[in-house]
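Asks: show me the folded form of this:
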Amino acid sequence: MAGSLKNFRSILREYKLISDSSRIPGEFQIIAIYCYSADSNFLKALTPPFEEGAKEVIYLYDIVLTDGTEKLKCFLALPLGHLVQKNIIKTGSYVQIQKAKLCYLEGEYNDSHIVQYVFLEAIKILEYSVVAFPDLAQLTFITSTNYRETQLVPLVTGRKCYTYPWIPVYPSGEEWINNGPVEFSDTDNSPQNIFILQNVADDWMRMPKPYPTIFVRVLARGMLYYYGFNKNDKPHPFMGKLVIGDSSSASLCVLFGKGAMSLYYYALPGTILLIEGYSISKLQSPLFPRLRGAAGNLPFVDLEIVIGDFASVRIVPPDNNSLLMQIALLPILEFSFANRSAIDLAADESTVDVIGLITHVTLFHRFMYKFGKFHARCYLELIDGSSHLPFVIIIYNNVLRFPVEDLHPGQVLVGTHMKVCHLQDNILSDHKIRTYLKSTHYSELFTSHGPSNLYVRYPAVTAVASFIRDQQQEIDFIRANVLRAGGIPTFFRGYRSLEAYKESFGHSFAGKMIPGAYWRLALDSLIYRERRCVTLGGFIVQVQYFDIQTVDSPQPVYGWSYGLNVVSRRTLFVNIKARYKLGNITPLNTRLDEKLMFPSKYASEHEERFKAYRKFPSVDATDWSPPSDDEIESEIFFV
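Replies: Sure, this is the predicted structure:
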C-alpha cells in the first residue's frame, strides 16, 4: 500500500521526530539518487566531530521519494550512504520509513522562513519482483519554501551541483552541457589588441587589467578534476586544464566554476579560442603532455591562464574570414601514431597515438584510490593489421570527454596520448604480454572518423582503413569468430619467483598479506562493481576448471584462444587429504559464475543489449532500464 508524502510531511512538522514506523504507514518508491561530497561546515557539525586533517572523502546522498502522486527530496543519513555504493538502495526500490526528522539548514533563509529539509535516519528496503514507475511527468514536488528540495541543488552543504554517484569525481546531469561558449562570427567586431602568449608572459605583472585578448588553439585537454573534498567549500568544485598555444609559445589554461565546465566539454583539441577577461597566476604544478610536430617545439611559458565565471571565451570557426591571417599562424595539431610492432620498441612511459579495430571490451569495474575516491576502468584489445596479436589498452572512464560506455567490439578506435608500459624482466603477465597501453591525463578517444578529423590523413590511419577494406576475408573471420564482449579483465602482473614478489613490497612484508580470518571481511567491504587485488597465502586444496570452447580453424586466429562459451565445469581436488581434514569449508565469493568470469562471443545485433548490460545502473527513473539477469556485483582477486 502506497503511503502519503503529504501526510508524512505534516506529521514531521507536528512531531519534528518520528521514531516509530507505525506513524508513517505505507511505502514509497525511490525515483532518483543524488551524490555530493561534504564540506568543512558539514563536517564540523558532526557528532563526534570529524577528525581535523583527515583526508578520507565523505560522500552524501539525497534521494527523491514518490507516493505515485507527489515527490519529495530527502537527505539520507551517513550510515546509509554505503548502501547506495553497494547498490542496495537504488532507483526503483520501495522503502518503508522507520525513523525520520525535520532539520534546519543553519544560516540560510528563504523569504524570512528558516530552511527545512527531511532527514531519513532509518529505512527498510522492500524487494519487488517487478519495478513499475508512475507517470513521472505528472509528479510534482510537495510545496516547500526550500528551493533545494525542488531544484538540482544539494539539500545540505554549500555545494551547488551534484556528482555522478558511481564515479563521484564527475558532474551529474547535462544541463551545463547545453550552455556552451558563444561562437565568434564574421559579423562580430574583430578585437584590435591581440597579444601573443610570450608577450603576456613577459609583461603580465606590469599590465593593467583586464589583460589583453589572446588568440590560441587548444593543443591538448586534460581530465576534469574534482577538488570538493572536506576542507574545500566551493559551490562548483571542478577544475579543467587545457594546453593552449599560438605562434610564440604554449601555456596551461585552467578552468574554474560552473561556466568553465561547459567550456571544457566543447574545447576539443584543435579548437580555436578567443579569450578575454581572464586572470593570470604563476605556474603551480606543471603536467605537460608531449606535443607532436611543430607544437612540440614551442616553449612553455611560466604562467597559467585562468578562466573563471567572469571570463569571456568564444570559439572561432577555422574558416572565419575576419581572422584568417591569425588562424594561419596558429600551431597545427599533429599526431604520432604507432602500430603494434612499433609499440614493442617504444620507450617505457613514452606516449603514442594508436588506431585499431576493437576485438574485445571487458566489463567496467570500479576501484578505490586515494582517500576513498572512486574511479572506473575497462580493458580493450585492438588489432591494427601489423600483427596477428592484439595489444591491450586500459581505458579510464572520463565521462565528459567520451562516452566510454558506447565502446563495443567492431569499432575502429583512435586513442591519443596513450602511455606505453613495459613489464619488468622479473614480472610475468597473462598470455605473455610484455607491453600494454593505458590512457593518460590528456588522452582522447574517437570512434567516428570523418574529413573534419585531423588524423585521417596519417599513414597509420589509412593503413588500418585499407586493412579493413581490402582484407575482407580476414575481417569477416574476425567478426564471426574473434569479437568478444564482457568478462572480468585478468591482465595480472605475476612474478617469476617468490623472492621477486617479496622485493616488490620493499623492506617489510608485514601487514601486506590478509590472514584467512579476514577474507570474508575483505569481501564484504567491496562496493558495487569494485575490483580489488589482494595478497594472501594458503594451501590449494580445490580447483574449479572451466572448459572453454575455442575456435579451431586453418585460418590465422588473431590473438590467443578466444572463448565462445563455457562447455563444462569440473572440480579438481589437488590435496584430497587436506581437503577432508578441513571438514566443512565456507565458500566465499559464490555469486560469480562462468558467464561473468569469461567473455562471450559478440555480434553487432546484440550491441544495445551489451551496452545496457555493462553500463552502471541508472540513478534517475527517467532513463531507468531493468537490470540484467547476470548482474555483476563485485569481484575480489587473490594473488
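Asks: burial count for residue 531?
Replies: The local packing of residue 531 (other C-beta atoms under 10 Å) involves 20 other residues. For glycine as for every other residue, the C-beta is placed from the backbone atoms N, C-alpha and C.
Asks: just the element for it, please.
Replies: strand 531-534 (DSSP states H and E).
Asks: in its sheet, what does that strand sit against?
Replies: Strand pairing for strand 531-534, using DSSP bridges, gives strand 635-638 (parallel).
Asks: show the average pLDDT along the partner strand.
Replies: Mean pLDDT, strand 635-638: 45.
Asks: so is residue 502 in a helix, a strand, or just coil?
Replies: helix (DSSP: H, G, I helix; E, B strand; the rest coil).
Asks: ok, residue 513 - contacts?
Replies: 535, 536, 537 (C-beta atoms under 8 Å, 6 or more residues apart in numbering).
Asks: how close does the first one get to residue 501?
Replies: Separation of residue 535 from residue 501 (C-beta to C-beta, to the nearest Å) stands at 9 Å.
Asks: more neighbours: these two, which one.
Replies: Neighbours were counted for residue 535 and for residue 501 using other C-beta under 10 Å; residue 501 has more, 17 against 12.
Asks: any idea what the residue lying closest to that one once chain neighbours are set aside is bridged to?
Replies: The shortest distance from residue 501 to any non-neighbouring residue, by C-beta to C-beta, 6 or more residues apart in numbering, is to residue 495 (4.0 Å). With DSSP bridges as the criterion, residue 495 is bridged to residue 427.
Asks: surely residue 495 meets residue 505?
Replies: No - under the criterion of C-beta atoms under 8 Å, residue 495 is not in contact with residue 505, lying 11.0 Å apart.
Asks: list the contacts for the most centrally placed residue in the chain?
Replies: The chain has residue 397 as the residue nearest its centroid, 3.4 Å off, counting by C-alpha atoms, centre = their mean. Contacts for residue 397 (C-beta under 8 Å, 6+ apart) come out as 167, 364, 375, 376, 377, 378, 404, 405.
Asks: where does it land on pLDDT?
Replies: According to the model, residue 397 carries a pLDDT of 78.
Asks: now swap in the one 4 residues further on and tell me
Replies: Listed pLDDT for residue 401 reads 75.
Asks: one more: residue 559?
Replies: Reported pLDDT for residue 559: 44.
Asks: what of residue 530?
Replies: 87.
Asks: tell me what it is bridged to.
Replies: With DSSP bridges as the rule, residue 530 is bridged to residue 366.
Asks: gap between it and residue 407?
Replies: 21 Å.
Asks: using CSV, list the CA coordinates for stretch 123-143.
Replies: Taking Å, rounded to 0.1, in the frame of the first residue of the first chain, the C-alpha atoms of stretch 123-143 are listed here in CSV:
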residue,chain,number,x,y,z
ILE,A,123,14.6,3.0,6.3
LYS,A,124,13.6,-0.6,5.4
ILE,A,125,14.2,-1.7,1.8
LEU,A,126,11.3,-3.7,0.3
GLU,A,127,12.0,-6.0,-2.6
TYR,A,128,9.6,-6.5,-5.5
SER,A,129,10.0,-8.7,-8.5
VAL,A,130,8.6,-6.1,-10.9
VAL,A,131,9.5,-2.4,-10.8
ALA,A,132,6.9,-0.1,-12.2
PHE,A,133,7.2,3.7,-12.1
PRO,A,134,4.2,6.1,-12.1
ASP,A,135,3.8,8.8,-14.8
LEU,A,136,6.9,10.8,-14.0
ALA,A,137,5.8,13.8,-16.0
GLN,A,138,2.7,14.2,-13.7
LEU,A,139,4.6,14.1,-10.5
THR,A,140,5.0,17.4,-8.7
PHE,A,141,7.2,18.3,-5.7
ILE,A,142,5.4,18.9,-2.4
THR,A,143,5.0,22.6,-1.8
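Asks: can you pull out the residues in contact with that stretch?
Replies: 5-6, 9, 21, 27, 29, 31, 66, 68-73, 80, 83, 88-89, 92-98, 149-150, 621-622, 624, 626.
Asks: which of the residues you listed fall within helices?
Replies: 5, 6, 9, 83 (DSSP state H).
Asks: by neighbours, which of those residues wins?
Replies: Most surrounded of the ones in helices among the contacts of stretch 123-143: other C-beta under 10 Å gives residue 5, at 23 neighbours.
Asks: ok, back up a step: neighbours around the residue nearest to residue 501, how many?
Replies: 16.
Asks: now do it, the pLDDT please.
Replies: Looking at residue 495, its pLDDT reads 76.
Asks: rewinding a little: so of the contacts of residue 397, which ones are in helices?
Replies: Using DSSP H, none of the contacts of residue 397 sit in helices.
Asks: show me which of those are buried.
Replies: 167, 364, 375, 376, 377, 378, 404, 405 (16 or more other C-beta atoms under 10 Å).
Asks: what about the helices in the stretch 51-200 of the chain?
Replies: Assigned by DSSP state H, counting those that start in this stretch, the stretch 51-200 of the chain shows helices spanning 81-85, 197-203.
Asks: ditto for the stretch 301-450 of the chain
Replies: 324-329, 340-343.
Asks: for residue 158, find the nearest of these.
Replies: helix 324-329 (41.6 Å; C-beta to C-beta).
Asks: residues in contact with that closest one: which ones?
Replies: Contacts of helix 324-329 (C-beta under 8 Å, 6+ apart): 194, 215, 246, 247, 272, 316, 318, 320.
Asks: which of those sits closest to residue 458?
Replies: residue 318 (18.7 Å).
Asks: just the buried residues of the longest strand anywhere in the chain, please?
Replies: Using DSSP state E, we find that the single longest strand of the chain is strand 94-110. Buried residues in strand 94-110, counted by 16+ other C-beta under 10 Å: 94, 95, 96, 97, 98, 99, 100, 102, 103, 105.
Asks: now that strand: average pLDDT?
Replies: Taken as a whole, strand 94-110 has a mean pLDDT of 80.
Asks: for that strand, packing partners?
Replies: helix 5-15, strand 17-18, strand 28-37, strand 113-126 (3 or more C-beta pairs under 8 Å, 6 or more residues apart in numbering; DSSP states H and E).
Asks: just say which of those is most tucked in.
Replies: Across those, averaging neighbours per residue (mean count of other C-beta atoms under 10 Å) puts strand 28-37 on top, at a mean of 23.
Asks: wait, is residue 466 part of a helix?
Replies: Yes - with three-state DSSP as the criterion, residue 466 is part of a helix.
Asks: so what pLDDT did residue 631 get?
Replies: pLDDT, residue 631: 55.
Asks: counting neighbours, what do you get for residue 354?
Replies: Using other C-beta under 10 Å, residue 354 has 25 other residues around it.
Asks: ok, now how distant is the closest residue in space to residue 294 that isn't next to it in sequence from residue 313?
Replies: Spatially, and ignoring its direct neighbours in sequence, residue 294 is nearest to residue 331 (5.6 Å; C-beta to C-beta, 6+ apart). Distance, residue 331 to residue 313, using C-beta to C-beta: 19 Å.
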